[in-house]
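Participant: Have a look at this prediction, sequence included:
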2 protein chains.
Amino acid sequence: MLRLKMKTDPRWVENVVSGNIEEILTDHAYCEQKAASSAISLIIQYPEHEELVSQMADLAQEEMSHFKMVHDEILKRGYELGKERKDSYVNELVKFIRVKGKSREESLMDKLLFAAMIEARSCERFKVLSDHIDDEGLAVFYRDLMESEARHYTMFLKLARKLCAGLDVDGRWRDFLDYEAEVISRYGKSERIHG
Amino acid sequence: MLRLKMKTDPRWVENVVSGNIEEILTDHAYCEQKAASSAISLIIQYPEHEELVSQMADLAQEEMSHFKMVHDEILKRGYELGKERKDSYVNELVKFIRVKGKSREESLMDKLLFAAMIEARSCERFKVLSDHIDDEGLAVFYRDLMESEARHYTMFLKLARKLCAGLDVDGRWRDFLDYEAEVISRYGKSERIHG
């Protein structure tokens, strides 16, 4: 369903993540926080799109509730949240949408597709975590969250198609999927959600 | 209970706000959004304070739910959200806490007192709005929200006293109340929540 072109090798979980649960939880907590902050940014940038504003207000709440769930998992295990980790995967994705001279509609389309992509890849990563992580509680936790990410992915793609109907949204999405596949092929080595 | 030293003159509502509900609602929506964003900033800046992180994660959700309620009131009336308005009152408050060479604990104290102050003044303003606004629906709306602001004000003061117990939190708060009274005495003339 996600149409991502590159699957994550489960050895990422077995060899890298399972030995460093604290690190993956901290990174994950901040992924949720950044998703909430991005939803708020979309509201500030595009207040004229009422449907977008309403959906982003709901999304920001949901992402912060997930942040809190991850924080609770951290505390339950006696870990510490710590500082935000860098997300170089996301920084590489940003380069694809950093195009000069775009119209307002094109910028919105790119931001929505960017959000859709991160949700899609996070969903795929949560699935791999759920299937392979050496912690029964977290396996269930990631299965539940995986479903939210899939829902958000669909929401962002639908918003892009609806609010940017004058543009070739599906063509841009196909190009972005190709770009993302190349980026992610170089990952799978570190204890990050997109690592 | 709020201990603010300067009451808002109800003529602010009668002469300025009632004729410009769209403007006050837009400004209010962004006040809620900024409160959510500030809560998130506190998480990022002080991840080591578990209680703070948990409470700010809840607060960010609540503020975004209020944002959505205000947005719904805007849409219900056929108004538009529009762009964020400047909040010069808040910019003046910032000057009080902008002190060089502060310790990490002092910075945290000031940020918590700053948040407490904005909640306290917003609470007072919502009360005046609720009592004097020429719109029955909004009168009820502002009475309900007033109670949330009072709760948040108490939460921030308690957090400051607990997390910065080595400092003279109450002395700093008294000085801040004096400062705020001088600032707000020059307001009450524009269609903003803190205008």
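Facilitator: Now that the structure is in, tell me what you want to look at.
Participant: Contact partners for A:Gly19?
Facilitator: Under the criterion of Cβ atoms under 8 Å, 6 or more residues apart in numbering or on different chains, the neighbours of A:Gly19 are A:Glu191. To be clear about C-beta, it is placed using only N, CA and C from the backbone, and glycine gets the same treatment.
Participant: let's go with 10 Å and repeat that
Facilitator: A:Gly19 is in contact with A:134, A:191, counting by Cβ atoms under 10 Å, 6 or more residues apart in numbering or on different chains.
Participant: Over to A:Leu163?
Facilitator: Residues A:46, A:49, A:51-52, A:105, A:108-109, A:112, A:169 are the ones in contact with A:Leu163 under the rule Cβ under 10 Å, 6+ apart.
Participant: and if you look at A:Ser130?
Facilitator: Counted by Cβ under 10 Å, 6+ apart, A:Ser130 has contacts A:13, A:138-146.
Participant: Can you flag which of the contacts of A:Leu163 belong to strands?
Facilitator: Under the assignment DSSP state E, the contacts of A:Leu163 contribute nothing to strands.
Participant: give me the subset of those residues touching chain B.
Facilitator: A:46, A:49 (Cβ under 10 Å from any Cβ of the partner chain).
Participant: for the contacts of A:Leu163, which one is nearest A:Ile193?
Facilitator: Distance ranking of the contacts of A:Leu163 against A:Ile193, using Cβ to Cβ, places A:Leu112 first at 20.6 Å.
Participant: Give me the local confidence score for the closest one.
Facilitator: Model confidence at A:Leu112, given as pLDDT, is 98.
Participant: just the helices in chain A please.
Facilitator: Counting by DSSP state H, residue ranges of the helices within chain A are A:11, A:21-45, A:50-76, A:88-97, A:104-132, A:136-163, A:169-184.
Participant: Thought A:Asp168 was touching A:Arg174, still the case?
Facilitator: Yes - A:Arg174 sits in contact with A:Asp168 when judged by Cβ atoms under 10 Å, with a separation of 9.4 Å.
Participant: thinking again about what came up before, emit the PyMOL select command for whichever of the contacts of A:Ser130 are buried.
Facilitator: In PyMOL, the members of the contacts of A:Ser130 classed as buried (16 or more other Cβ atoms under 10 Å in any protein chain shown) are selected with the following command:
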select buried, chain A and resi 13+138+141+142+145+146
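Participant: Which of the contacts of A:Ser130 sits closest to chain B?
Facilitator: Within those, proximity to chain B (Cβ to the nearest Cβ) peaks at A:Leu145, which comes in at 15.5 Å.
Participant: In this structure that closest one contacts A:Phe67, no?
Facilitator: No - in this structure, A:Leu145 sits apart from A:Phe67 without contact. The criterion is Cβ under 10 Å, and the distance is 11.3 Å.
Participant: Overlap of the contact sets of these two?
Facilitator: The overlap between the contact sets of A:Leu145 and A:Phe67 (Cβ under 10 Å, 6+ apart) consists of A:28, A:32.
Participant: tally of neighbours for A:Asn91?
Facilitator: 11 (other Cβ atoms under 10 Å in any protein chain shown).
Participant: Please tell me the pLDDT value assigned to it.
Facilitator: Confidence per residue is given as pLDDT, and for A:Asn91 that number is 97.
Participant: For it, give me its contacts.
Facilitator: The neighbourhood of A:Asn91, defined by Cβ under 10 Å, 6+ apart, consists of A:183, A:194.
Participant: From B:Glu149, how far out is it?
Facilitator: Here A:Asn91 is placed at a distance of 38 Å from B:Glu149 (Cβ to Cβ, to the nearest Å).
Participant: for the closest residue to A:Ala160 other than its chain neighbours, what are its contacts?
Facilitator: With sequence-adjacent residues excluded and distances taken as Cβ to Cβ, 6 or more residues apart in numbering or on different chains, A:Ala160 is closest to A:Leu112, at 3.9 Å. Shown in contact with A:Leu112 (Cβ under 10 Å, 6+ apart): A:42, A:46, A:52, A:97, A:155-164, A:169, A:173.
Participant: same check, this time on A:Gly188
Facilitator: Counting by Cβ under 10 Å, 6+ apart, A:Gly188 touches A:6-13, A:15-16, A:125, A:128, A:194-195.
Participant: do that again at 8 Å, thanks
Facilitator: The neighbours of A:Gly188, taking Cβ under 8 Å, 6+ apart as the test, are A:8-9, A:11-12, A:16, A:195.
Participant: A:Arg77 too?
Facilitator: Taking Cβ under 8 Å, 6+ apart, we find A:Arg77 in contact with A:21-22, A:25.
Participant: Scan the residues you listed and report the most crowded one.
Facilitator: Using other Cβ under 10 Å as the neighbour criterion, A:Leu25 leads these with 24 neighbours.
Participant: so that one sits right up against A:Val70, yeah?
Facilitator: Yes - between A:Leu25 and A:Val70 there is a contact under Cβ atoms under 8 Å: 5.9 Å.
Participant: Which residues of chain A lie near chain B?
Facilitator: Listed as neighbours of chain B in chain A under the rule Cβ under 8 Å from any Cβ of the partner chain: A:33, A:36-37, A:40, A:43-44, A:47-48, A:50, A:53-54, A:57-58, A:60-61, A:64-65, A:67-68, A:71-72, A:75, A:80-84.
Participant: ok, how many other residues are close to the residue nearest to A:Glu50 when sequence neighbours are not counted?
Facilitator: In space, not counting the residues next to it along the chain, A:Glu50 is nearest to B:Leu75; the distance is 6.0 Å by Cβ to Cβ, 6+ apart. B:Leu75: 14 surrounding residues under other Cβ under 10 Å.
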